[in-house]
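**Q** Okay, structure incoming, though there's no sequence with it:
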């Protein structure tokens, strides 16, 4: 069974005021850290780039990931999701969607999502945290058309919520901790200066 990871790293971080992909945590930028964890779970990793493309792409130097440009990144996460899906090879059985700013996501959790998908064959295997289901989440190929039909401003959470009977959960303690605001950055770095 072949599972590809799509790392969405194209956003403009408008609420934060600086590109979250480039913030540093535990000695690495968030985008590199996430890509390394994705590679530890799957050899097929696609990173969708958009805002600050050159700077974010340089953080991936030396990593065997496929880089995909989304010129429409400003439209929203749904447009990046679509760009990532269209770049996947035709023989993948599923796509694991992840973001770069969920610092609690590690390779073990990503491998657990893949193992659960292989064991249950559920159409969706989603992370469960803070009384919700969200990304990282794995979608079977049969759902790719539904993912591609999401509005450009939408995210995968809408599809996860559409039919709960299709979803199997894997717990992700602290999965709701991400980096969207200056306060989040302060919590992450302890300095607010990205380092």
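**A** Everything's here; your move. Quick caveat: nothing in here was measured; it's all calculated off a predicted structure.

**Q** make it CA atoms for all contacts and neighbour counts henceforth
**A** Fine.

**Q** any idea whether the residue nearest the centre of the chain is helix, strand or coil?
**A** Closest to where the C-alpha atoms of the chain average out (Cα atoms, centre = their mean) is residue 98, at 1.6 Å. At residue 98 the chain is in strand, as set by DSSP: H, G, I helix; E, B strand; the rest coil.

**Q** now the one 5 residues further on
**A** Here residue 103 is coil, with the state taken from three-state DSSP.

**Q** quick one on the thing from earlier: reduced to three states, what does the residue lying closest to the residue nearest to the centre of the chain once chain neighbours are set aside come out as?
**A** Sequence neighbours aside, residue 136 is the residue nearest to residue 98 in space, at 4.5 Å (criterion: Cα to Cα, 6 or more residues apart in numbering). Of the three states, residue 136 takes strand under three-state DSSP.

**Q** Can you report how many residues neighbour residue 136?
**A** Residue 136 has 26 neighbours, counted by other Cα atoms under 10 Å.

**Q** And residue 22, by the same measure?
**A** Neighbour count of residue 22, defined by other Cα under 10 Å: 20.

**Q** Where does pLDDT dip in the protein?
**A** The model of the chain has pLDDT under 70 over residues 189-195.

**Q** Can you pull the phi/psi pair for residue 68?
**A** Main-chain dihedrals, residue 68, degrees, to the nearest 10: phi -130, psi 130.

**Q** ok, the closest residue in space to it that isn't next to it in sequence - how many residues close by?
**A** The shortest distance from residue 68 to any non-neighbouring residue, by Cα to Cα, 6+ apart, is to residue 48 (4.8 Å). Using other Cα under 10 Å, residue 48 has 26 neighbouring residues.
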